[in-house]
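Engineer: all I have is the shape, not the residue letters:
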């Protein structure tokens with residue numbers, strides 16, 4: 001085989017890029033990646049490009065070495081053992097710097113020793129826990145993270161209880177309700193044997209609502225979901241001294257960031273009565289009503305007239321086009337000429353723009369949304385079509401994805417006249 005075969009090219013890329021990462025870490029006296037419990041959870045931003053290149057090449061090389069059959073039967077069975085570790089509190093059953101045995105863990109977690117051994121030895125193939133000698137168990141960096149990061153635990157709970165069962169029943173839902181855009185005719189509906197949507201179901205069960213909120217908070221604090229790059233890249237113009245309405249803004253975390261970034265802007269956060277009643281305005285934003293909360297159902301007409309910006313942060317991807325169009329249409333009676341509808345959300349890249357490794361998570365998220373509420377992620381063309389379907393007077397003026405961000409800024413301007421009377 002010639003030296004320029006694809007697998008050799010990929011191996012060379014991996015060597016070249018990992019050498020850059022290693023050199024940078026050494027120059028800063030930082031530890032190299034390992035499975036040890038002391039290993040850092042994240043990488044310095046300075047090596048992100050080399051890390052991405054390494055992961056892209058590793059992913060492609062793995063696929064080539066698996067072969068065609070291996071690609072369609074990927075050897076990833078980690079969710080069952082990870083779910084068990086989380087649900088039974090296995091990671092917290094002994095100190096991160098200590099050792100334990102399968103028998104001791106089984107006793108602490110009310111499991112059989114046989115099941116404990118089988119689950120953990122499967123987890124160890126994913127570098128979660130380690131067996132340094134027969135029957136002895138120690139933590140790795142991954143199992144330590146499970147023990148100490150409550151947000152990560154809530155995310156795993158949420159994925160295993162709500163998302164994965166829904167994901168596994170998507171095809172059944174598609175057969176039962178062909179071409180449906182209804183939120184109560186999705187994989188979630190089949191998996192839970194219910195005729196109400198995920199959001200309505202969660203609203204009836206405080207424990208599930210709390211788990212979902214904690215999981216979302218964890219997810220939105222992972223690398224790529226920080227909104228600061230979006231704030232810096234967006235051209236605020238005169239709106240920086242105007243009024244912003246944060247629709248479906250939950251506890252106001254995004255508006256708080258905006259208000260602190262733009263000292264002259266005023267923000268109104270809208271959400272359900274329960275969310276508004278439990279939310280508080282920080283002391284530094286109370287003066288001059290920099291931030292306030294308002295009860296509002298975004299499937300009803302927008303009550304705040306003439307705002308400069310109406311913000312939808314990670315809202316529209318929760319809904320199919322049918323319902324996302326309704327949300328946008330309900331803004332129209334309150335718009336002044338030149339008002340901006342700003343969306344902070346995922347924007348799927350055109351095919352081929354990113355490597356399969358880079359685009360896989362975004363594409364998986366799109367299918368997850370299909371599974372839970374018949375919702376979807378959208379590409380730039382679909383965002384434009386969505387605004388146009390709400391009203392042709394919306395003009396898509398900007399779609400921008402800051403470097404390193406998983407989120408994009410999608411902005412549409414209202415080119416019609418004022419739709420309300422002063």
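Structural biologist: Cool, the structure landed. Please read these numbers as outputs of a predicted model, since none were measured by experiment. Numbering: from 1, shown residues only.

Engineer: any idea which helix or strand in this protein has the lowest mean pLDDT?
Structural biologist: helix 206-220 (a mean of 85; mean pLDDT, DSSP states H and E).

Engineer: which helices and strands sit right next to that helix?
Structural biologist: Contacts defined by 3 or more Cβ pairs under 8 Å, 6 or more residues apart in numbering; DSSP states H and E place helix 206-220 against helix 150-158, helix 198-203. Quick note: C-beta positions are derived from backbone N, CA and C, even for glycine.

Engineer: right, so those: which one is the most enclosed?
Structural biologist: helix 150-158 (a mean of 19; mean count of other Cβ atoms under 10 Å).

Engineer: counting by contacts, list what the next helix or strand after it packs against.
Structural biologist: Past helix 150-158, further along toward the C-terminus, the next helix or strand under DSSP states H and E is helix 164-168. Applying 3+ Cβ pairs under 8 Å, 6+ apart, we find helix 164-168 packed against helix 187-192, helix 356-373.

Engineer: counting contacts, what elements does the helix or strand hosting residue 118 pack onto?
Structural biologist: Assessed by DSSP H and E, residue 118 sits inside helix 113-124. Taking 3+ Cβ pairs under 8 Å, 6+ apart as contact, the helices and strands that helix 113-124 lies on are helix 78-87, helix 102-109.

Engineer: please name the bridge partners of residue 347.
Structural biologist: On the basis of DSSP bridges, residue 347 is bridged to residue 378.

Engineer: that one - how many residues pack around it?
Structural biologist: By other Cβ atoms under 10 Å, 21 other residues sit near residue 347.

Engineer: for it, what are its contacts?
Structural biologist: 377-380, 383, 399, 401, 408, 410 (Cβ atoms under 8 Å, 6 or more residues apart in numbering).

Engineer: now with 6 Å?
Structural biologist: Residues in contact with residue 347, defined by Cβ atoms under 6 Å, 6 or more residues apart in numbering, are 380, 399, 408.

Engineer: what sits against the last one?
Structural biologist: If I follow you right, that is residue 408. Residue 408 neighbours (Cβ under 6 Å, 6+ apart): 347, 401.

Engineer: equivalent analysis for the first one, please.
Structural biologist: Residues counted as contacts of residue 380 (Cβ under 6 Å, 6+ apart) are 347, 399.

Engineer: what about it, distance to residue 386?
Structural biologist: With distances taken as Cβ to Cβ, to the nearest Å, residue 380 is found 11 Å from residue 386.

Engineer: and for the last one?
Structural biologist: According to Cβ to Cβ, residue 408 and residue 386 sit 14 Å apart.

Engineer: neighbouring contacts of the helix or strand harbouring residue 54?
Structural biologist: Residue 54 belongs to helix 48-72 when assigned by DSSP H and E. Contact with helix 48-72 is made by 7, 10, 13-14, 17-18, 20-21, 43, 355, 357, as judged by Cβ under 6 Å, 6+ apart.

Engineer: now do 7 Å
Structural biologist: Outside of helix 48-72, the residues within contact range by Cβ atoms under 7 Å, 6 or more residues apart in numbering are 6-7, 10-11, 13-14, 17-18, 20-21, 43, 355-358, 404.

Engineer: now swap in stretch 279-293 and tell me
Structural biologist: So stretch 279-293 is in contact with 251-252, 255-256, 259, 266-269, 276, going by Cβ under 7 Å, 6+ apart.

Engineer: just the ones of those residues in strands?
Structural biologist: Per DSSP state E, strands hold the following members of the contacts of stretch 279-293: 266-269.

Engineer: what's the closest of those residues to residue 419?
Structural biologist: Distance to residue 419 across these (Cβ to Cβ) is lowest for residue 268, with 18.4 Å.

Engineer: what's the neighbour count on the closest one?
Structural biologist: Other residues near residue 268 come to 23 when the count uses other Cβ under 10 Å.

Engineer: tell me who's in contact with it.
Structural biologist: So residue 268 contacts 245-246, 292, 294, 304 (Cβ under 7 Å, 6+ apart).

Engineer: quick one: these as JSON lines, columns for neighbour count too.
Structural biologist: Formatted as JSON lines, the contacts of residue 268 follow (neighbours: other Cβ atoms under 10 Å):
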{"residue": "245", "neighbour count": "25"}
{"residue": "246", "neighbour count": "28"}
{"residue": "292", "neighbour count": "16"}
{"residue": "294", "neighbour count": "15"}
{"residue": "304", "neighbour count": "16"}
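
Engineer: of the contacts of stretch 279-293, closest to residue 370?
Structural biologist: Nearest to residue 370 among those is residue 251, at 27.3 Å by Cβ to Cβ.

Engineer: circling back to that earlier point, now, among the contacts of residue 347, which is nearest to residue 119?
Structural biologist: Among these, residue 408 lies closest to residue 119 (Cβ to Cβ), at 39.3 Å.

Engineer: backbone phi and psi for that closest one, please?
Structural biologist: Residue 408 adopts backbone torsions of phi -120, psi 160, taken as degrees, to the nearest 10.

Engineer: how about the contacts of residue 347 in CSV, adding distance to residue 417?
Structural biologist: As requested, the contacts of residue 347 are exported to CSV (distance: Cβ to Cβ, whole Å):
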residue, distance to residue 417
380, 27
399, 25
408, 29
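
Engineer: residue contacts, the spatially most central residue of the chain?
Structural biologist: The centroid of the chain falls nearest to residue 219 when counting by Cα atoms, centre = their mean (4.9 Å). When contacts are counted by Cβ under 7 Å, 6+ apart, residue 219 touches 155, 225.

Engineer: please apply the same query to residue 11.
Structural biologist: By Cβ under 7 Å, 6+ apart, residue 11 lies in contact with residue 61.

Engineer: then the one 3 residues further on?
Structural biologist: For residue 14, the contacting residues are 54, 57-58, by Cβ under 7 Å, 6+ apart.
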